[in-house]
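In: just the structure for this:
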Amino acid sequence: MNKSDLIEKLAKKEKLTDKAATDIVNLVFDGFVNELKNGGRIEIRGFGAFTVREYEAYKGRNPKTGNKVEVKSKKLPFFKVGRELKKRVDG
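Out: So this is what the prediction gives:
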């Protein structure tokens, strides 16, 4: 499922226009992004939790050329699956 599929299902289920469903989905996604950018944590009970992990700078290697390169420190989103979702997917 992608974003447009989600919008389509929301519009159909709640009898919304595509514009209204798009606005709702974008509002939720923008809220998630803003919370993570500010160092927050998003927990959806029964589904999982989103956090940001920070990685230190390190020396890497370009696989194409073999040259050493400096990789800057970075922050990346991380998702941890909730116990209930694991059970539901596993059957």
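
In: just after the longest helix along the chain, pick out the following helix or strand.
Out: Taking DSSP state H as the criterion, the chain has its longest helix at helix 18-37. For helix 18-37, the following helix or strand on the C-terminal side (DSSP states H and E) is strand 42-44.

In: avg pLDDT for that following strand?
Out: For strand 42-44, mean pLDDT rounds to 96.

In: in that strand, what counts as buried?
Out: I42 (16 or more other Cβ atoms under 10 Å). Any C-beta I mention is one placed from the backbone N, CA and C, and that applies to glycine too.

In: and the longest helix of the chain, what does it pack against?
Out: Secondary-structure packing of helix 18-37 (3 or more Cβ pairs under 8 Å, 6 or more residues apart in numbering; DSSP states H and E): helix 3-14, strand 42-44, strand 48-55.

In: report the angle between the first one and helix 18-37.
Out: Same thing as helix 3-14. Going by axes from the mean of the first three to the mean of the last three Cα atoms, to 10 degrees, helix 3-14 is angled at 120 degrees with respect to helix 18-37.

In: quick one: contacts of helix 3-14?
Out: Residues outside helix 3-14 that contact it (Cβ atoms under 8 Å, 6 or more residues apart in numbering): 16-18, 20-22, 24-25, 29.

In: average pLDDT across it?
Out: The model assigns helix 3-14 a mean pLDDT of 96.

In: L16: how many residues sit nearby?
Out: L16 sits with 15 neighbouring residues when counted by other Cβ atoms under 10 Å.

In: check the secondary structure at it for me.
Out: With DSSP: H, G, I helix; E, B strand; the rest coil as the basis, L16 sits in coil.
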